[in-house]
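K.L.:
Build me a model:
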Amino acid sequence: MNKKEVLKEIEAHDLKAVRFSFADQHGVLRGKTLAASEASAALERGVAVTSTLLLKDTSHRTVFPAFTPGGGIGMPEMQGAADLLLHADPSTFRILPWAPETGWFLCDARFHDGRPAPFCTRNLLGTALQKLSAAGYELVTGLEVEFHVFRIADENLRPSDAGQPGNPPEVSLLTTGYQLLTEQRYDLIDPVVEILRNNLEKLGLPLRSYEVEFGPSQIEFTLGAMPGMASADAMLLFRSAVKQIARRHGYHATFMCRPRLPNVMSSGWHLHQSLTREGRNAFVPQSEDEVLSPVGKGYLAGLLAHARGATALATPTINGYKRYRPYSLAPDRVTWGRDNRGALIRVLGGPGDAATRLENRAGEPAANPYLYFASQIHAGLDGIARKLPLPPPADTPYEAKAEILPRTLAEALDCLRKDEALCQAFGKPFVDYYCTIKEAEIARFNLEVSEWEQREYFDLF
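P.N.:
Just a heads-up that it's a prediction; the model follows:
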């Protein structure tokens, strides 16, 4: 859809408001809502927003000194909280079914002279996809996303609940017990799934399945295979839409990896990926003795070689590292296996199977999809270019003699900074910027007194 077609849609549906949103460094949508009458001008000149939106941590605190020379990051264009412009991608236009008479665009952040803002993560994925295209390939991904939906018991909207961050709502479960794929439990959550499904279908998202996951109030949705940028955009829209739809109906949806609630389980985001060349899957092996083509093996070897460095982008929260546990269906070390859910990379398919692919099981559902996808492209291309050898598979992945995945976000950031190929691919300025923001979160976390500390030391000493 082009600009002219979009404006006709806005007029034909008599929309009253249009949201112009972009994904910040955390994969959180930010932006402005304009009157529909302003949409035409906004599509031409962009929508101004403060550049400090690119400088915040997950508490919405500005990490860099924006009013110092160069805005604290060496960019005069961002000094003094100067404006950036959000330029809408017309192909992303949607009418939001849960928000009456409201349209929506996904945007890219640019400077006033049209240059992409260097920390716009959608642009970073675009650069990675161009690099992949120059090598003759296209990325195809499928999404397998776990999350929780709770019933809201108390919104916690008293003034004392406000802050940076504020207190989250108090919640109750939709179901109790552990429940993996049991039909009775699914039927209990189906009224909520129906609300989500009906709205998500109207967005045109390629929904494949709706599953009751292992833990109480835990759900998994899967989305079909799509080209790289479209798939990343779909993940962003899916995650934001689920939260908004649920909240309007009295539910709290969270993509936090491991909520601090009794008996609640960790959620993961399994990223299925393959490369195509001239429309054909480049991972399909020709021999019955092989699990992947030479291209597939090189790409897989690259994912393994840079797995520790890429972890900070696949699991970008402090909380996400609570999931890496042995014998838990989540990886804890750098291994691969054929149809093995304990391995970091699960290989699916084989000779004659056009759906042959790799499933990276490291990600948490809160990850920024643009950074997660880009890390896979850069790592895989490095493996192909250098013809990295593929280590043997791990039939017992939790016992394999292999590198351990980072145990904390701090360790993951250190691994990212030491990964020369990823630093070169993303650019050292971006890696330094990203790590600085995440380190600010870690510093705040380290100043908090946890319940574990209170329980461990308060009575003992």
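K.L.:
By average pLDDT, which secondary structure element in the chain comes out worst?
P.N.:
In the chain, no helix or strand scores lower on mean pLDDT, DSSP states H and E than helix 451-457, which sits at a mean of 92.
K.L.:
Can you name the residues in contact with that helix?
P.N.:
Applying C-beta atoms under 8 Å, 6 or more residues apart in numbering, the set of residues contacting helix 451-457 from outside is empty. Every C-beta, even on glycine, is put in place using the N, C-alpha and C of the backbone.
K.L.:
roughly how far is it from the heart of the chain?
P.N.:
32 Å (C-alpha atoms, centre = their mean, to the nearest Å).
K.L.:
likewise stretch 11-27?
P.N.:
With C-alpha atoms, centre = their mean, you get 19 Å for stretch 11-27.
K.L.:
Please apply the same query to stretch 105-118.
P.N.:
Stretch 105-118 has its C-alpha centroid displaced from the chain centroid by 20 Å (C-alpha atoms, centre = their mean).
K.L.:
Pull out the buried positions in it.
P.N.:
Across stretch 105-118, burial judged by 16 or more other C-beta atoms under 10 Å covers 105-111, 116-118.
K.L.:
for this protein, which strand is longest?
P.N.:
strand 138-154 (DSSP state E).
K.L.:
now that one: mean pLDDT?
P.N.:
Confidence for strand 138-154, expressed as mean pLDDT, is 97.
K.L.:
List the strands paired with that strand, with their directions.
P.N.:
With DSSP bridges as the test, strand 138-154 is paired with strand 170-172 (antiparallel), strand 218-227 (antiparallel), strand 251-254 (antiparallel), strand 269-277 (antiparallel).
K.L.:
Save those strands as CSV, and put in mean neighbour count, mean pLDDT and distance to residue 316 too.
P.N.:
CSV is the format used below for those (neighbours: other C-beta atoms under 10 Å; pLDDT from 0 to 100; distance: least, C-beta to C-beta, whole Å):
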stretch, mean neighbour count, mean pLDDT, distance to residue 316
strand 170-172, 14, 97, 24
strand 218-227, 19, 97, 21
strand 251-254, 21, 98, 16
strand 269-277, 22, 98, 11
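K.L.:
would you turn these into JSON lines with distance to residue 236?
P.N.:
As requested, those are exported to JSON lines (distance: least, C-beta to C-beta, whole Å):
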{"stretch": "strand 170-172", "distance to residue 236": "24"}
{"stretch": "strand 218-227", "distance to residue 236": "12"}
{"stretch": "strand 251-254", "distance to residue 236": "15"}
{"stretch": "strand 269-277", "distance to residue 236": "12"}
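K.L.:
Minimum distance to residue 358: which of the ones you listed has it?
P.N.:
Ranking these by their distance to residue 358 (criterion: C-beta to C-beta) puts strand 269-277 first, at 5.5 Å.
K.L.:
domain ranges for this protein?
P.N.:
3-117, 129-453 (automatic domain parsing).
K.L.:
now those domains as CSV including distance to residue 461?
P.N.:
CSV is the format used below for the domains of the chain (distance: least, C-beta to C-beta, whole Å):
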stretch, distance to residue 461
domain 3-117, 31
domain 129-453, 11
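K.L.:
Relative to residue 459, which of those is closest?
P.N.:
Closest among those, using C-beta to C-beta: domain 129-453, at 11.8 Å.
K.L.:
Now do the end-to-end distance for the closest one.
P.N.:
Using C-alpha to C-alpha, to the nearest Å, one end of domain 129-453 lies 45 Å from the other.
K.L.:
Secondary structure element holding residue 204?
P.N.:
Counting by DSSP states H and E, no helix or strand carries residue 204.
K.L.:
count of residues packed around it?
P.N.:
Neighbours of residue 204 under the rule other C-beta atoms under 10 Å: 10.
K.L.:
and what of the one 3 residues further on?
P.N.:
A count of neighbours around residue 207, defined by other C-beta under 10 Å, yields 17.
K.L.:
same thing with residue 323?
P.N.:
For residue 323, the number of neighbouring residues by other C-beta under 10 Å comes to 21.
K.L.:
which one is it nearest to, not counting chain neighbours?
P.N.:
Spatial nearest neighbour of residue 323, excluding adjacent residues (C-beta to C-beta, 6 or more residues apart in numbering): residue 266 at 3.9 Å.
K.L.:
residue contacts, that neighbour?
P.N.:
215, 257-258, 322-323, 325, 328, 330.
K.L.:
Now flag whichever of the residues you listed is closest to residue 408.
P.N.:
Nearest to residue 408 out of these is residue 322 (C-beta to C-beta; 10.0 Å).
K.L.:
Is it correct that that closest one is in contact with residue 258?
P.N.:
Yes - judged on C-beta atoms under 8 Å, residue 322 makes contact with residue 258 at a distance of 4.4 Å.
K.L.:
Quick one: the helices in the stretch 1-150 of the chain, in order.
P.N.:
For the stretch 1-150 of the chain, the helices defined by DSSP state H, counting those that start in this stretch cover 3-12, 39-45, 121-134.
K.L.:
Could you list every helix and strand that the second one packs against?
P.N.:
In terms of contacts (3 or more C-beta pairs under 8 Å, 6 or more residues apart in numbering; DSSP states H and E), helix 39-45 is packed against helix 3-12, strand 17-23, strand 83-88.
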